[in-house]
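>>> Here is my input, please return the structure:
(2 chains)
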Number of protein chains: 2
Amino acid sequence: MSDTPDSAVQTVRKYIGQHRAAFLDDLTEWLRIPSVSARPENAPDVRRSAEWLAAQLARTGFPIAEVWETDGAPAVYAEWPSADPDAPTVLVYGHHDVQPAAREDGWHTDPFEPVVRDGRLYARGAADDKGQVFFHTLGVRAHLDLTGRTTPAVHLKLLVEGEEESGSTHFRALVEERADRLAADAVIVSDTGMWSETTPTVCTGMRGLADCEIELYGPDQDIHSGSFGGAVPNPATVAARLVAALHDEDERVTVPGFYDGVAELTDTERALIAELPFDEAAWLATARSHGTLGEAGHSTLERVWARPTAEVNGIGGGYQGPGGKTIIPSSARLKLSFRLVAGQDPDRIERSVRDWVAARVPDGVRHEITFGAATRPCLTPLDHPALRAVARSMSRAFDGAKIRYTREGGSGPAADLQDVLAAPVLFLGISVPSDGWHAPNEKVELDLLLKGVEATAHLWGELAAALR
Amino acid sequence: MSDTPDSAVQTVRKYIGQHRAAFLDDLTEWLRIPSVSARPENAPDVRRSAEWLAAQLARTGFPIAEVWETDGAPAVYAEWPSADPDAPTVLVYGHHDVQPAAREDGWHTDPFEPVVRDGRLYARGAADDKGQVFFHTLGVRAHLDLTGRTTPAVHLKLLVEGEEESGSTHFRALVEERADRLAADAVIVSDTGMWSETTPTVCTGMRGLADCEIELYGPDQDIHSGSFGGAVPNPATVAARLVAALHDEDERVTVPGFYDGVAELTDTERALIAELPFDEAAWLATARSHGTLGEAGHSTLERVWARPTAEVNGIGGGYQGPGGKTIIPSSARLKLSFRLVAGQDPDRIERSVRDWVAARVPDGVRHEITFGAATRPCLTPLDHPALRAVARSMSRAFDGAKIRYTREGGSGPAADLQDVLAAPVLFLGISVPSDGWHAPNEKVELDLLLKGVEATAHLWGELAAALR
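The predicted model follows:
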């Protein structure tokens, strides 16, 4: 700890350089295991992946490395206590399962036979998420080398689930069941990315999610639109009116109370978002969309990162085959989802939506509304000491670059950790949008992968100081 | 023609009484032919039905009785010229095909083995439409007997199509192709019914129909509602907003120009409709609906008979399977239909709807709109001499009862006859709502069937006078 920052950076880089080849060999071995959680026929591979990782973590030096069973795919848990009894506890989250992939989907090489080309490692899971889990194995050793310690500066825990790509179905139950062992002062999620290769960033939060299904029942059967049309309520019309009424002219959600408690962006946060080199045309190309539309008074990035939404994911009713059929449909259905931001309470949103729907369905139409399990939003304030520690570690890895802040518009199991463990959630990821998550030819930039190692080599000391 | 009305009624009834048994035997023979036009395997039966009817019409005395080929099922045409060269020409329309029927659908007896129970003849087609075509065979002979003529008082033509129950696909082409031979001063449609057993009525018109399909294209594929939700247009939302915007708070259609030219109900027409013994609870039970909803300022009957509508027959977009899927759908689609009333022009409606949709689809969403072939509305004014002739004939058959007026909310090939032949369309039917069209245990009330014979026995003389 007597090193100046500059020499610390040099020390870490030297250590990584010495172990780079073995690190990549090991990762390659792991990437060869097709741990596709969504395909039942790959269940043995998912298990093999868990067992391989637990063994690898043990070799890394974790005194505790276990495979944890769930009612679905197994997770991996590892723990490396600090010799310092006052050290804070940090839990790293990642996942070892991957999306399906097949050569014929457009892969240039076998998705489960990793290859390095032009400084990139191509394989399913290279970025999402095996590569980003794996940088922690070399990172913690670099941390020990840097600090001369035999145990980390924090009580280090890892939880690597096996069902993230198939909905994290049993994750919440696992976390609740094992809450005592998972207890932590902070959670580090390594399953996100950065703005771009040239703009290193730290993610500060994710949106939450509440979703529901609404069934609308009109006549007891499809009826003739000539004999009855114009005189009885049409459930497809009712469904459409609900969707249309969800937003006002400013594309703000109209459900009463929807915005109650919303953590509005501060001027600083808006300025930081506006500073990012955002190219709307490129973003639209990524979205495969042909135009933008959203809440008035907010930029596209603000809309997807920091504003709650109401979206129709599916609508159906009546005849959908070829040609026409002159009926008033018997029923219609809607699937709605609401992305939530910090300050919104999914339970209150559910009540508000239920009341709002009930008030809008006319006499003669019956409705049923079912909510799924909600995911809470999470957001770590920009001035949180742990977030500043993460940013400092990233900055060191990126040669002192200014670290900017992003958010994730999506929702994830990070929120379960935040909820159950009552710990702040931080994000440390080095993947970039071009990595092709869930797409053919997924890759990770080797330089960035090693930046991940570097950042974590600095992180545990930074966090030990920040959380003390 | 020297008979007083009363003795005319007696004469007709006597004649019918003498021929009743043979008439029912013949009808029974025809009903045994399962002329189900929607089932390809019944195509030979539909042809047999046409040939049987042509032969029967020849036996009845029609000097011309032909099977007319179409690109689909054959129609039957018959003609009985009047010896009076100045006689007007009347074309009767009906159909000889029937809806599918199977014993296991809930029929108490074989649908194609007619039985008489409690004064009712049960068989598929008994009311829709073989029974109502068939009363014309005895009717014209009763007319000759009554008047002592050897040819009818009008040039009598019959066109009995074979595809009504499968969409009258080739009917318009047939009518256009044979327009010269079908030319008429008036059309009598015998394919509708009366208000009830105790309330004899004459239908005065049908609504028209324009329908379209709208495809809405958003992102090039389904996209993640977390990553992009709130910032790009959702085609399912656009579809829903179109449907919701179709009506205002009074349930009036908002498409500009939609009501242009609409023949508003006169005070007399409204009063006549209000006089009908309408039981809304019973009507709702028939509709299988649990409430009424429609254009403000109009009763239920006015809404279905005399007001134009915009109805969504189908809507679909995004995920419709079990559970949720957090996507912004790539596309959505709508099937809309518009019932039209007299004074509305389908071509103008199509243009208005196209403009209205185009103006409402936001940037970033592309749309395609396709209209089907429209059916024009038809309506015969209450003071039309031919309508009064029909009503007088019905009144004679019903012992001098006051004949009331109904309309049909549906749309039918009658409008093609009106369009192509430029002739007023009149309706003469004796079926009642309990007859169970398209349902198991279809029947016709024998008393009413013979009232149909009776009415036509008087009709040709009445029409000859009215149209001269």
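
>>> low pLDDT regions in chain A?
A:1-5 (pLDDT under 70).

>>> change it to 80
Scanning chain A for pLDDT under 80 picks out the ranges A:1-6.

>>> for it, which helix is longest?
As assigned by DSSP state H, the longest helix anywhere in chain A is helix A:5-31.

>>> So what touches whichever helix or strand comes after that helix?
Downstream of helix A:5-31, the first helix or strand assigned by DSSP states H and E is helix A:43-60. With Cβ atoms under 8 Å, 6 or more residues apart in numbering or on different chains as the test, helix A:43-60 has contacts from A:26, A:29-30, A:33-37, A:65-67, A:73-76, A:78, A:96-97, A:133, A:137, A:140-141, A:158, A:160, A:162. Every C-beta, even on glycine, is put in place using the N, C-alpha and C of the backbone.

>>> What subset of the residues you listed is buried?
Buried residues within the contacts of helix A:43-60, defined by neighbour count using 16 or more other Cβ atoms under 10 Å in any protein chain shown: A:26, A:30, A:33-37, A:65-66, A:73-76, A:78, A:96-97, A:133, A:137, A:140-141, A:158, A:160, A:162.

>>> and chain B, which of those residues reach it?
Of the residues in those, proximity to chain B by Cβ under 8 Å from any Cβ of the partner chain holds for none.

>>> Contacts only, for the residue of the stretch 301-450 of chain A found nearest chain B.
Among the residues of the stretch 301-450 of chain A, residue A:364 lies closest to chain B, at 1.9 Å counting by Cβ to the nearest Cβ. Shown in contact with residue A:364 (Cβ under 8 Å, 6+ apart): A:218, A:232, A:233, B:289, B:290, B:291, B:292, B:293.

>>> That one falls within a strand, correct?
No. Residue A:364: not assigned to a strand; according to DSSP: H, G, I helix; E, B strand; the rest coil it is coil.

>>> which residue sits closest to it, ignoring its sequence neighbours?
What sits nearest to residue A:364 in space, not counting adjacent residues and going by Cβ to Cβ, 6 or more residues apart in numbering or on different chains, is residue B:291, at 1.9 Å.

>>> neighbours around that neighbour, how many?
16 (other Cβ atoms under 10 Å in any protein chain shown).

>>> And residue A:118, by the same measure?
Residue A:118 - counted by other Cβ under 10 Å - has 8 other residues nearby.

>>> before we move on, what about the one 5 residues further on?
Close neighbours of residue A:123, defined as other Cβ under 10 Å, add up to 28.

>>> is it true that it touches residue A:116?
No. Under the criterion of Cβ atoms under 8 Å, residue A:123 makes no contact with residue A:116, lying 9.7 Å away.

>>> Can you name the residue of the stretch 201-350 of chain A nearest to chain B?
For the stretch 201-350 of chain A, the residue closest to chain B is residue A:291, as judged by Cβ to the nearest Cβ, at 1.9 Å.

>>> contacting residues for that residue?
A:284, B:232, B:233, B:362, B:363, B:364, B:365.

>>> Report the secondary structure state of it.
coil.

>>> From what I see, residue A:182 and residue A:161 are in contact.
No. Counting by Cβ under 8 Å, residue A:161 is not a contact partner of residue A:182; they are 11.7 Å apart.

>>> more neighbours, the two?
residue A:161 (29 against 22).

>>> Got phi/psi on the more buried one?
For residue A:161, the backbone dihedrals (degrees, to the nearest 10) come out as phi -80, psi 170.

>>> Can you tell me how far it is from chain B?
18 Å (Cβ to the nearest Cβ, to the nearest Å).

>>> bridging residues for that residue?
Beta bridges link residue A:161 to residue A:95 when assigned by DSSP bridges.

>>> who's in contact with it?
Residue A:161 neighbours (Cβ under 8 Å, 6+ apart): A:73, A:75, A:93, A:94, A:95, A:96, A:97, A:168, A:171, A:174, A:413.

>>> and the nearest residue to residue A:123 once chain neighbours are set aside, how many neighbours?
What sits nearest to residue A:123 in space, not counting adjacent residues and going by Cβ to Cβ, 6+ apart, is residue A:114, at 3.7 Å. By the criterion of other Cβ under 10 Å, residue A:114 has 24 neighbours.

>>> hang on, isn't residue A:114 packed against residue A:121?
Yes. Contact criterion Cβ under 8 Å: residue A:114 and residue A:121 qualify, at 5.9 Å.

>>> List phi and psi for residue A:431.
phi -70, psi 160.

>>> Residue A:192 is in contact with residue A:431, correct?
Yes. Judged on Cβ under 8 Å, residue A:431 makes contact with residue A:192 at a distance of 7.2 Å.

>>> Pick out whichever of these two has more residues nearby.
Between residue A:431 and residue A:192, counted using other Cβ under 10 Å, the more crowded position is residue A:431 (26 against 23).

>>> Distance-wise, check that one relative to residue A:203.
11 Å (Cβ to Cβ, to the nearest Å).

>>> Can you show me the helices along chain A?
Here chain A has its helices, by DSSP H, at A:5-31, A:43-60, A:130-147, A:171-177, A:179-182, A:235-245, A:267-275, A:280-287, A:300-306, A:346-360, A:385-397, A:414-421, A:446-467.

>>> any chance of these in a markdown table, with distance to residue B:355 too?
Output for the helices of chain A, formatted as a markdown table (distance: least, Cβ to Cβ, whole Å):
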| stretch | distance to residue B:355 |
| --- | --- |
| helix A:5-31 | 56 |
| helix A:43-60 | 56 |
| helix A:130-147 | 53 |
| helix A:171-177 | 51 |
| helix A:179-182 | 61 |
| helix A:235-245 | 20 |
| helix A:267-275 | 39 |
| helix A:280-287 | 28 |
| helix A:300-306 | 30 |
| helix A:346-360 | 29 |
| helix A:385-397 | 53 |
| helix A:414-421 | 47 |
| helix A:446-467 | 52 |
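
>>> The longest helix of chain A relative to helix A:43-60, how many degrees between them?
Here the directions of helix A:5-31 and helix A:43-60 differ by 150 degrees (axes from the mean of the first three to the mean of the last three Cα atoms, to 10 degrees).

>>> Can you check what angle separates helix A:5-31 from helix A:130-147?
140 degrees.

>>> Done for today, thanks.
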